[in-house]
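# sequence first, then the predicted structure:
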Amino acid sequence: MKINQYLYKEIALPFIFITGVLLALLISTELSETLTKVLTGQYSSNAILVIIGYQSVLLLPEVIPAAYFLACLTTLNRFSQDSERAIYNSIGISDAQILKGLLIATATPIFLIVILLQNIICPIANNELNSFVDQQRNRPITDIVQPKTFASIGKMNSTLFAGSAETNTGLLKDIFTVNKAGDKLTVIIGENASTQNTDNGQILIIENGQQTAFSFSPNSSTRQESFGSLSYLIEPSTSNSASQKAHSKTSIELAQENSRVNNIEIADRINSALLIPLFCLWAVALTRFKPRSAKAGAMATGIFFYILTNFSYRTIESGFSKTNWSIYLSPWWFFLALAFFGLLLIQRKTR
């Protein structure tokens, strides 16, 4: 029906707008952090667009449920206040039929989009993002270090300072490095430094300098020696934690490994998408009131419901994640209970 298409359009437009606003707000923190790393030379100049692009995709599953709920809530609340909902009811379109139409026309497509994002697109984007960040971290030291600034060197627990740099040759001039290993400090001063790539990482070559090693422990001695060339192996930095690996695999890949941790991850991805139809149901339930009945609190109640639902969902999810029944006690039953109470509200007589 055209009247239903009108309602769907009224929800779609604010949904797109709210999604964009929430995404911009959440991405601003990442933008500031990435921009700082670009300005200090840790990342290349094109890193901003690449990282923000991937982060935007990764944030969509978090943003979409909130944006959809707010879009439904604001639209249906206005429909009730402006008597449009009463007109719907008067021509035989009940609240239950409105809910059914919204579930089919809006909630189901968005639910499928979130499922696709959570199980395929976001893991691929996360894997690509980690690879790109590792590539940025493992660029040649001579590209990362900016003249007259201090920079950390990979896994060496060292700090490198260069007085100047030659962009044509890639040499760093007037080198100063400090390395800490336990209670031992090593200070190196050299004329210049360059790098060579190997299969095991980068080799930092410092030439024509002096090395001083000392310790703050009692009865320690200071050792000082000059050198013509001194080499350090800088091992590549990688994002290889277990959680990062799991988040970088699609649900198909996780299912093939058939482990308890992977099955929990798959269940969590599916459960988060169930918020879409649940929020649709409660948006209809919370905005059921007669026109001009001073129920402006529907928006405040809806926001409180959103916060409470997310907090309870995350608490239940983390609480059962370490038990042997974690898959069976995942928050699906919590969503089912909320859906039941929401349907009861819809069936109540409008006040």
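Noted; the coordinates are in hand.
# from now on I want contacts and neighbour counts done on CA atoms only, so please keep to that.
Fine.
# average pLDDT for the strand or helix carrying Leu99?
In this structure, Leu99 sits in helix 95-102 according to DSSP states H and E. Averaged over helix 95-102, pLDDT sits at 88.
# check which element follows it along the chain.
Per DSSP H and E, helix 95-102 leads on to helix 108-116 as the next helix or strand towards the C-terminus.
# so how far is that following helix off the chain centroid?
Distance, stretch centre to chain centre, for helix 108-116: 18 Å (CA atoms, centre = their mean, to the nearest Å).
# now swap in stretch 127-142 and tell me
Mean C-alpha position of stretch 127-142 versus that of the full chain (CA atoms, centre = their mean) differs by 18 Å.
# buried ones in that stretch?
For stretch 127-142, burial by neighbour count (16 or more other CA atoms under 10 Å) applies to 127-130, 133, 136-142.
# quick check, nearest of those to Gly201?
Closest approach between the buried residues of stretch 127-142 and Gly201, by CA to CA: Asn138, at 8.2 Å.
# quick one: contacts for Leu254?
Going by CA atoms under 8 Å, 6 or more residues apart in numbering, Leu254 touches 246, 262-263, 266.
# can you add pLDDT and distance to Phe79 and give these back as JSON lines?
Compiled in JSON lines, those are given as follows (pLDDT from 0 to 100; distance: CA to CA, whole Å):
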{"residue": "Ala246", "pLDDT": "76", "distance to Phe79": "44"}
{"residue": "Asn262", "pLDDT": "81", "distance to Phe79": "44"}
{"residue": "Asn263", "pLDDT": "79", "distance to Phe79": "42"}
{"residue": "Ile266", "pLDDT": "84", "distance to Phe79": "38"}
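# among these, name the ones in helices.
Secondary structure from DSSP state H places 246, 262-263, 266 of those in helices.
# re the thing from before, quick one: contacts of the helix holding Leu99?
By CA under 8 Å, 6+ apart, the list of residues contacting helix 95-102 reads 4, 8, 89, 280-281, 284, 346-347.
# cool, and stretch 105-122?
8, 57-58, 60-61, 64, 248-252, 266, 269-270, 273-274, 276-277, 280.
# between the buried residues of stretch 127-142, which is nearest Gln81?
Looking at these and their distance to Gln81, the nearest is Leu129, at 45.8 Å (CA to CA).
# just for the stretch 101-250 of the chain, where's the confidence low?
Judged by pLDDT under 70, the stretch 101-250 of the chain has its weakly predicted residues at 154-157, 167, 237-244.
# can you give me the strands in it?
Using DSSP state E, counting those that start in this stretch, the strands found in the stretch 101-250 of the chain span residues 150-153, 158-166, 171-181, 184-198, 201-215, 223-234.
# switch the ones you listed over to CSV; also include mean neighbour count and distance to Leu102.
Listed next are the strands of the stretch 101-250 of the chain as CSV, based on neighbours: other CA atoms under 10 Å; distance: least, CA to CA, whole Å:
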stretch, mean neighbour count, distance to Leu102
strand 150-153, 18, 54
strand 158-166, 18, 58
strand 171-181, 19, 62
strand 184-198, 18, 58
strand 201-215, 18, 55
strand 223-234, 14, 57
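# turn the ones you listed into CSV, including distance to Leu39.
Formatted as CSV, the strands of the stretch 101-250 of the chain follow (distance: least, CA to CA, whole Å):
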stretch, distance to Leu39
strand 150-153, 13
strand 158-166, 16
strand 171-181, 18
strand 184-198, 22
strand 201-215, 23
strand 223-234, 23
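# closest one to Ala12 among those strands?
Using CA to CA, the strands of the stretch 101-250 of the chain put strand 150-153 closest to Ala12, at 47.7 Å.
# note down every partner strand of the closest one and its orientation.
If you go by DSSP bridges, strand 150-153 pairs up with strand 158-166 (antiparallel).
# ok, and what's touching the partner strand?
Strand 158-166 is contacted by residues 145-153, 171-180 when judged by CA under 8 Å, 6+ apart.
# same check, this time on stretch 225-237
Contacts with stretch 225-237, where a contact means CA under 8 Å, 6+ apart, come from 134, 137-138, 153-156, 200-212.
# if we go to 6 Å?
Stretch 225-237 is contacted by residues 138, 201-211 when judged by CA atoms under 6 Å, 6 or more residues apart in numbering.
# which one of the residues you listed is nearest to Val21?
Once CA to CA is applied, the member of those that ends up nearest Val21 is Asn138, at 34.1 Å.
# what's near enough to touch the closest one?
Neighbour list for Asn138: Pro236 [criterion: CA under 6 Å, 6+ apart].
# by contact count, what packs against the helix ranked longest in the chain?
The helix that spans the most residues within the chain, counting by DSSP H, is helix 2-39. For helix 2-39, the packing partners by 3 or more CA pairs under 6 Å, 6 or more residues apart in numbering; DSSP states H and E come out as helix 47-81.
# go again with 10 Å.
Taking 3 or more CA pairs under 10 Å, 6 or more residues apart in numbering; DSSP states H and E as contact, the helices and strands that helix 2-39 lies on are helix 47-81, helix 84-90, helix 95-102.
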